[in-house]
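Q: Okay, here's the prediction I keep looking at, along with the sequence it came from:
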Amino acid sequence: GSDISLEQLKAEQEDGSESVLFRLRTTEQDTDAVAQAINEGFAGSPHELVRQHLEIGELTAIPANSESESEESESSEEPPVPSSTTTNPFAGGHEAQLTFTEEISTESVAADVADQIAALPGENGGSKYDETETLVAAASTVDPNNPSAKGTSFSLTVSPVVSEADLKQALEIFESKLSGEPAFQEVNRFDSAVAGETQIDALLALFFSLIAIVAYIWFRFQRITFGLAAVAALVHDVLCVLGLVALASYLSGNPIGSIFMLEDFKINLPMIAAFLTVVGYSLNDTIVVFDRIREVRGKNPALTTDMVNLSLNQTLSRTLLTSLTTFIVVFILYVIGGEGIHGFAFCLLLGVIVGTYSSIYIASPVLLWLMNRGTAAVK
């Protein structure tokens with residue numbers, strides 16, 4: 001659908017075999033719904049989904065604070081020294097060893113188990129336990145002091161607030177859920193408000209860059225008409241590339257799209273960076289042409305068609321050679337650069353073509369019209 005984009009990546013395993021990875025982007029915020037849709041989509045696929053399997057060790061009780069320690073501390077004249085048992089919030093609870101078939105982060109283990117405990121129904125129909133994230137802790141057996149460590153073996157400790165039966169039930173549900181869902185190597189969620197802010201920031205970046213360009217060229221050529229003509233060409237370039245990106249997404253599902261390696265490109269931060277790069281590249285060509293127009297014009301108050309034609313003829317070879325060199329590099333990047341920068345390279349490829357002709361056929365005629373419109377009005 002229009003709310004889904006998919007990138008295919010290939011990775012080499014330790015045994016030399018090649019695995020296929022997919023990066024999925026969607027506006028759906030429910031992870032369970034996405035996992036279910038992926039399961040259904042790959043039901044008849046030759047690709048086998050990687051699944052996470054869990055082995056649960058024996059549940060053991062964590063020793064509670066002993067009465068003898070309390071009596072000893074009361075009879076002693078010295079102030080009691082706090083021990084690990086008196087400060088351990090999980091004393092009297094339970095612990096278990098969890099072993100996974102695929103790497104997972106310590107934070108994910110604790111959060112997932114806490115979610116399963118929170119999902120246990122209470123007597124009133126609501127959740128049986130509140131603030132479950134404080135009732136569960138996990139530590140990697142390889143790096144127990146690193147809360148973000150990844151691994152396959154973890155020690156799970158649970159507060160005595162959670163009964164042994166409830167903990168066992170939550171772990172069994174967790175095990176069943178993992179085996180029935182694909183193992184996501186990475187899950188990132190973005191709130192709709194954050195996505196809206198990103199779009200606004202991207203539009204503001206384009207707007208302020210155009211304002212800065214007008215100011216710079218105004219200062220450089222001492223006339224605002226040069227800046228306005230350059231911005232007119234840049235707006236043309238951005239709109240043309242944006243329209244061609246939309247056309248590429250439309251053609252991506254047919255044989256024409258396969259021939260030209262088209263995809264369902266989405267407007268993301270790398271694409272915004274590509275648009276800004278196109279703006280900079282096109283502006284560079286336009287400034288070279290404008291600088292030659294200023295030299296040919298000299299101190300003549302008027303700008304004629306012959307002056308513009310002479311300036312374009314003098315800069316045409318330089319413009320075409322520079323554009324051809326850039327086009328070759330970007331074309332290679334587009335063909336063999338990989339899926340991660342495919343959209344970025346596609347925008348640059350179009351931007352080089354559009355930016356080259358816009359500096360000749362858009363910027364120069366607009367400049368000629370802006371500088372002579374006052375003279376035409378007087379006549």
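A: Arrived safely, thanks for sending.
Q: show me what contacts residue 52?
A: 100, 101, 102, 104, 178, 179, 181, 183 (C-beta atoms under 8 Å, 6 or more residues apart in numbering). C-betas here are computed from N, CA, C, even on glycine.
Q: For the second one, give me its contacts.
A: Same thing as residue 101. 51, 52, 53, 54, 152.
Q: That one belongs to a strand, doesn't it?
A: Yes - using DSSP: H, G, I helix; E, B strand; the rest coil, the assignment for residue 101 is a strand.
Q: how about the helices of the chain, start to end?
A: Using DSSP state H, the helices found in the chain span residues 31-41, 67-75, 84-87, 106-118, 164-180, 192-221, 224-251, 255-259, 269-297, 305-336, 342-361, 363-378.
Q: Save the contacts of residue 101 as CSV, and put in pLDDT too.
A: Listed next are the contacts of residue 101 as CSV, based on pLDDT from 0 to 100:
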residue, pLDDT
51, 82
52, 84
53, 86
54, 89
152, 90
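Q: Could you export those as TSV, including distance to residue 234?
A: Output for the contacts of residue 101, formatted as TSV (distance: C-beta to C-beta, whole Å):
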residue	distance to residue 234
51	50
52	49
53	54
54	55
152	52
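Q: Next step: those restricted to strands.
A: 54, 152 (DSSP state E).
Q: where does the protein dip in pLDDT?
A: 1-3, 5-11, 13-14, 65-87, 189-196, 374-379 (pLDDT under 70).
Q: Residue ranges of each domain in it, please.
A: Per automatic domain parsing, the structural domains of the chain span 4-41, 54-62+88-180, 192-378.
Q: if we can go back for a sec, from the contacts of residue 52, which is closest to residue 39?
A: Comparing the contacts of residue 52 against residue 39 with C-beta to C-beta places residue 181 closest, at 7.0 Å.
Q: give me every residue that touches the residue lying closest to the closest one once chain neighbours are set aside.
A: Excluding the flanking residues, the one nearest residue 181 by C-beta to C-beta, 6 or more residues apart in numbering is residue 35, at 4.4 Å. Shown in contact with residue 35 (C-beta under 8 Å, 6+ apart): 181, 182, 184.
Q: coming back round to it: now restrict the contacts of residue 101 to buried residues only.
A: In these, burial by neighbour count holds for 52, 54, 152, counting by 16 or more other C-beta atoms under 10 Å.
Q: which parts of stretch 213-232 are buried?
A: 213, 214, 217, 218, 221, 225, 226, 227, 229, 230, 231, 232.
Q: Same question for stretch 278-293.
A: 278-279, 281-283, 285-290, 292-293.
Q: How about stretch 178-186?
A: Neighbour-count burial for stretch 178-186 [16+ other C-beta under 10 Å]: 178, 181, 182, 183, 184.
Q: dump the residue contacts of the third one.
A: When contacts are counted by C-beta under 8 Å, 6+ apart, residue 182 touches 35, 38, 39, 42, 49, 50, 51.
Q: Now list the buried members of the residues you listed.
A: For these, buried by 16+ other C-beta under 10 Å: 35, 38.
Q: any chance of the contacts of residue 182 in a markdown table, with distance to residue 316 too?
A: Listed next are the contacts of residue 182 as a markdown table, based on distance: C-beta to C-beta, whole Å:
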| residue | distance to residue 316 |
| --- | --- |
| 35 | 57 |
| 38 | 53 |
| 39 | 58 |
| 42 | 54 |
| 49 | 55 |
| 50 | 55 |
| 51 | 60 |
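Q: So which of the contacts of residue 182 is the closest to residue 265?
A: The closest of those, once distances to residue 265 are taken by C-beta to C-beta, is residue 38, at 21.5 Å.
Q: Just give the nearest non-adjacent residue to the closest one, would you?
A: Closest residue in space to residue 38, ignoring its immediate chain neighbours: residue 182 at 5.5 Å, by C-beta to C-beta, 6+ apart.
Q: And residue 116, by the same measure?
A: residue 170 (4.0 Å).
Q: again, but for residue 143
A: That would be residue 149: by C-beta to C-beta, 6+ apart, it lies 4.1 Å from residue 143.
Q: show me what contacts that neighbour?
A: Residue 149 touches 105, 106, 140, 142, 143, counting by C-beta under 8 Å, 6+ apart.
Q: got CSV for the helices of the chain, with distance to residue 130 too?
A: As requested, the helices of the chain are arranged in CSV below (distance: least, C-beta to C-beta, whole Å):
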stretch, distance to residue 130
helix 31-41, 22
helix 67-75, 29
helix 84-87, 23
helix 106-118, 8
helix 164-180, 13
helix 192-221, 27
helix 224-251, 46
helix 255-259, 52
helix 269-297, 38
helix 305-336, 53
helix 342-361, 45
helix 363-378, 65
